[in-house]
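In: Model the structure of this input:
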Amino acid sequence: MDAIPIRNPQSAIRNPIRVLLVDDSPLALNLLQRMLAEAPDIEVVGTARNGQEALRAIPQLKPNVICTDYYMPIMDGLKLTQEVMANYPCPILVVSSAVEVENKEKVFPLLQAGAVDVFLKPANALEAGAQVTQQFISRIRILSGVPVVTRRAPKTAETAETAPIAASKTVAPMAQSSPRFVPKSTSQAISIVAVGASTGGPQALQQIFSKLPANFPVPILCVQHISEGFLQGLVDWLTTQCILKVQIARSGDKPLPGVIYFPQEKTHLEIDPRGYLVASRKPPVDGHRPSVTTTFKSVAAYYGDAALGVLLTGMGRDGADGMQAIARAGGITIAQDEASSVVFGMPKQAIELGAARYTLPPEEITQALVSYVAGGK
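Out: Have a look, this model is predicted:
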C-alpha cells in the first residue's frame with residue numbers, strides 16, 4: 001500500500017508548509033490532520049502507514065516537515081529518519097505516545113539520527129484540545145524553518161565517544177559578539193554548572209555531557225524544554241550516553257558533584273538559601289515552567305561568581321535574562337553558536353544582551369567546562 005497524497009485546492013496560502021504524516025494508526029492520522037487543518041498556512045500533503053510508504057512518497061510530495069511515529073510495521077520511525085536524512089534531508093518531528101516507561105528512551109535515538117524534536121501524540125480528540133493543537137501547529141512552523149543537511153548513518157557501530165552527532169545545520173557562523181574559548185589556567189573556582197536548552201537541546205546535551213569525565217567535580221542543573229511525558233525518557237537515554245549520573249531533582253536534595261539534575265515536569269528548579277534543591281510551582285516565566293531563567297537566577301543568587309551558565313539552542317528568549325544575572329554576579333557564561341544551533345533563538349538573545357562571555361559549538365563547550373571546573377579546583 002502506498003502513501004495517500006492529499007489535495008487541497010482551496011488552500012488560501014500561496015506557499016503553505018507542506019507536511020507528511022506517518023503513523024500506522026488511521027485514527028491518529030485523522031486526528032493529526034484535523035489538528036493541522038486549524039492552521040491556514042499548513043497543508044497536509046500526504047499520509048503514510050509506515051516508513052517504507054513514506055520514502056516512496058517523499059520525492060513526489062516534497063514535504064517541508066515530516067511527522068512520524070516510532071513504532072510502525074515494515075519500517076519504523078528510526079529507520080525512516082535515517083533514510084530521510086541520508087537521501088531526502090527534511091526536518092522531522094517525532095510524534096509519539098509516551099507509553100510504557102521503559103520504552104520512552106527509544107524515541108531519542110531518532111533525534112540522534114537527525115530528527116529535530118519530539119511531541120506527545122494525543123490519545124483522542126478530547127486530549128487534542130485548543131492548547132495542544134496550537135502547540136502542535138507552533139512546533140510545525142518552527143521546524144519548517146530549520147535548515148538540514150544530508151547525514152549518512154555510520155556503516156559500523158560507533159560509541160558515544162566517536163559517533164558524529166552534529167546538529168543538522170548548514171549556516172554560516174554569525175559575526176561573533178563574544179570570543180571563542182581558549183583553554184587556559186584560571187583561579188576562578190566554579191562550584192556549579194547550569195545549562196538551559198529547548199528545540200535541538202537533547203542532541204546538544206548528548207554531545208556535551210557524553211564527553212565529560214567521570215570525576216567531573218561539580219553538580220550540573222539542566223533545564224530542557226520538552227513535551228510533557230518525555231522527560232523520563234530523556235533522562236533514561238542520557239544515562240545510556242553519559243558516564244555521569246543523570247536524574248530528576250527532588251526538593252531537599254543537596255546538589256552532588258558529578259550528577260546532572262533535571263527539574264520535574266511543570267516545575268521550576270531552584271536553590272534555596274541553604275544550597276539545597278527546590279522543586280517550585282511558581283507561575284511560568286516567559287511562558288515556561290520549568291524556566292531556564294528561573295534556574296539561572298537562583299544559581300546566580302546563591303553561587304555568585306562560582307556559577308557557570310550555558311545556554312543552548314532553542315526558540316524564544318528563556319534563559320537570556322538568567323544568563324545576564326550569572327554574568328552580573330561574576331560567573332562564567334557560554335552561549336551555543338549559530339552554526340551549531342538547530343534554532344538560534346535563546347543563545348542569540350543572551351548574546352544581544354551582552355550576557356555571553358563565550359559563543360561556542362558543543363564540542364568546545366565541553367572543553368570549556370572541563371577547563372574552568374578543573375582549573376579552579
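In: Show the subsequent helix or strand relative to the helix or strand encompassing Leu27.
Out: Per DSSP states H and E, Leu27 falls inside helix 26-36. Following helix 26-36 in sequence order, the next helix or strand is strand 42-48 (DSSP H and E).
In: What strands line up against that next one, and which way round?
Out: Note on strand 42-48: by DSSP bridges, its sheet partners are strand 4-5 (antiparallel), strand 17-22 (parallel).
In: going on from the helix or strand Cys222 falls within, what's the next piece of helix or strand?
Out: Using DSSP H and E, Cys222 sits within strand 220-224. Downstream of strand 220-224, the next assigned helix or strand under DSSP H and E is helix 231-241.
In: Partner strands of the helix or strand following that following helix and their direction?
Out: Using DSSP H and E, the helix or strand that follows helix 231-241 towards the C-terminus is strand 245-248. Sheet partners assigned to strand 245-248 using DSSP bridges are listed as strand 259-262 (parallel).
In: which intervals of the stretch 251-377 of the chain have sub-threshold pLDDT?
Out: Scanning the stretch 251-377 of the chain for pLDDT under 70 picks out 375-377.
In: ranges for the helices of it?
Out: In the stretch 251-377 of the chain, the helices defined using DSSP state H, counting those that start in this stretch lie at 292-303, 320-328, 346-352, 362-375.
In: returning to what we had before: could the strands paired with strand 42-48 go into a markdown table alongside distance to Met315?
Out: All C-beta spots, glycine's among them, are computed from the backbone N, C-alpha and C. Formatted as a markdown table, the strands paired with strand 42-48 follow (distance: least, C-beta to C-beta, whole Å):
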| stretch | distance to Met315 |
| --- | --- |
| strand 4-5 | 30 |
| strand 17-22 | 16 |
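In: With respect to Ile92, which of the ones you listed lies nearest?
Out: The minimum distance between Ile92 and the strands paired with strand 42-48 falls on strand 17-22, with 9.3 Å, by C-beta to C-beta.
In: Please export the C-alpha coordinates of the one helix or strand Leu80 maps to as CSV.
Out: Element membership of Leu80, judged by DSSP H and E, is helix 77-87. Below are the C-alpha coordinates for helix 77-87, written out as CSV (Å, rounded to 0.1, in the frame of the first residue of the first chain):
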residue,chain,number,x,y,z
GLY,A,77,10.5,5.7,12.7
LEU,A,78,14.2,5.3,13.4
LYS,A,79,14.9,3.6,10.1
LEU,A,80,12.8,6.2,8.3
THR,A,81,14.7,9.0,10.0
GLN,A,82,18.0,7.5,9.0
GLU,A,83,16.8,7.1,5.4
VAL,A,84,15.3,10.5,5.1
MET,A,85,18.4,12.3,6.5
ALA,A,86,20.6,10.3,4.1
ASN,A,87,18.6,10.8,1.0
